[in-house]
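Colleague: okay, structure incoming, though there's no sequence with it:
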């Protein structure tokens, strides 16, 4: 039986409130937009220690913007790790955290299962995962594009009216902010994390997480059905 969705407007914070107090915490990929980070939320909810992991190079201005935000919010010093989390987790002696948060990353990764396995390796107790998801249908000029709940839309393969339907939907929400979807991406490269590569359906996202070694403890839709947040626990013996 599926867990009941949460009524709170931001399920990421609701899930963190359930698990992060007194725990070590890491935010993966939280630098984009600065204010989207969850380190300050984890601190307010009683996390014991705080870490930010992001692929942005150490000299990128986003790190300085995050540090300024930390000071303004009176958050204690944060351990900052400039690294691709997959490379970090697959290296020797990866860092371990009792609670990990990862939002807005999975659909930018060419190999989503590899990302989930990396998160599994660094998560000891709980992972709060948020991702954009495919809607069940998109408007077409001649009708509807229907997407099975278990499907994953592979963005590089979209073409014709299907591409127009999906990109038109997201253009209304993010203008030209979706590289490869609302903004043309002339070259798809396996090591490029800026495009949108995937939009998994809700069932596909759940199953990806289960195959990667997680148990789904809770879930909630967000952004009018365009996003999904999962509270996950790593299954023992699958590191």
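Modeller: Arrived safely. All values derive from a computational prediction rather than experimental measurement.
Colleague: grab the most central residue of the chain for me.
Modeller: Most central in the chain under CA atoms, centre = their mean is residue 103, positioned 2.9 Å from the mean C-alpha point.
Colleague: can you pull out the strands in this protein?
Modeller: Under the criterion DSSP state E, the chain contains strands at 24-28, 49-54, 79-82, 97-103, 123-132, 137-140, 143-146, 152-154, 198-200, 214-222, 227-234.
Colleague: picking that back up, any idea how far the closest residue in space to the residue nearest to the centre of the chain that isn't next to it in sequence lies from residue 156?
Modeller: Among residues not flanking residue 103 along the chain, residue 130 sits closest, at 3.8 Å (CB to CB, 6 or more residues apart in numbering). C-beta here means a position set from N, CA and C on the backbone, and glycine is covered the same way. Note on residue 130: its distance to residue 156, by CB to CB, to the nearest Å, is 23 Å.
Colleague: with neighbour numbers in mind, choose between the two.
Modeller: Counted by other CB atoms under 10 Å, residue 130 and residue 156 do not tie: residue 130 has more neighbours, with 24 against 14.
Colleague: need the pLDDT of that one.
Modeller: According to the prediction, residue 130 has pLDDT 97.
Colleague: now do the same contact list for it.
Modeller: Neighbouring residues of residue 130 by CB atoms under 8 Å, 6 or more residues apart in numbering: 11-12, 102-104, 222, 227-230.
Colleague: how much space between it and residue 168?
Modeller: For residue 130, the distance to residue 168 - CB to CB - is 24 Å.
Colleague: give me the domain ranges for this structure.
Modeller: 11-133+201-234, 135-197 (automatic domain parsing).
Colleague: deepest-packed of these, please.
Modeller: Each of the domains of the chain was scored by mean neighbour count; the highest is domain 11-133+201-234, a mean of 19, by mean count of other CB atoms under 10 Å.
Colleague: what's the end-to-end length of it?
Modeller: Distance across domain 11-133+201-234, first residue to last, is 19 Å (CA to CA, to the nearest Å).
Colleague: distance from stretch 191-198 to the middle of the chain?
Modeller: When distances are taken as CA atoms, centre = their mean, to the nearest Å, stretch 191-198 is centred 13 Å away from the chain's centroid.
Colleague: show residues contacting that stretch.
Modeller: 55, 84, 106-110, 112, 132, 152-156, 178-181, 185, 188.
Colleague: residues making contact with the lengthiest helix in the chain?
Modeller: When the chain is parsed with DSSP state H, its longest helix is helix 160-174. Residues from elsewhere that reach helix 160-174 (CB under 8 Å, 6+ apart): 135, 138-142, 145, 153, 158, 178, 181-182, 199, 223, 226.
Colleague: ok, 6 Å please
Modeller: Outside helix 160-174, the residues that touch it by CB atoms under 6 Å, 6 or more residues apart in numbering are 138, 140, 145, 158, 178, 181-182.
Colleague: equivalent analysis for stretch 104-117, please.
Modeller: Residues contacting stretch 104-117 (CB under 6 Å, 6+ apart): 29, 86, 131-132, 190, 193, 196-198, 212.
Colleague: what of stretch 220-239?
Modeller: Residues outside stretch 220-239 that contact it (CB under 6 Å, 6+ apart): 5-6, 11-12, 15, 120, 123, 126-130, 132-133, 202, 205, 209, 213-219.
Colleague: can we see that at 7 Å?
Modeller: With contact meaning CB atoms under 7 Å, 6 or more residues apart in numbering, stretch 220-239 is reached by 5-6, 11-12, 15, 120-121, 123, 125-133, 135, 173, 202, 205, 209, 213-219.
Colleague: hmm, residue 120 and residue 213 touching each other?
Modeller: Yes: the criterion here is CB atoms under 7 Å, and residue 213 meets it with residue 120 at 4.8 Å.
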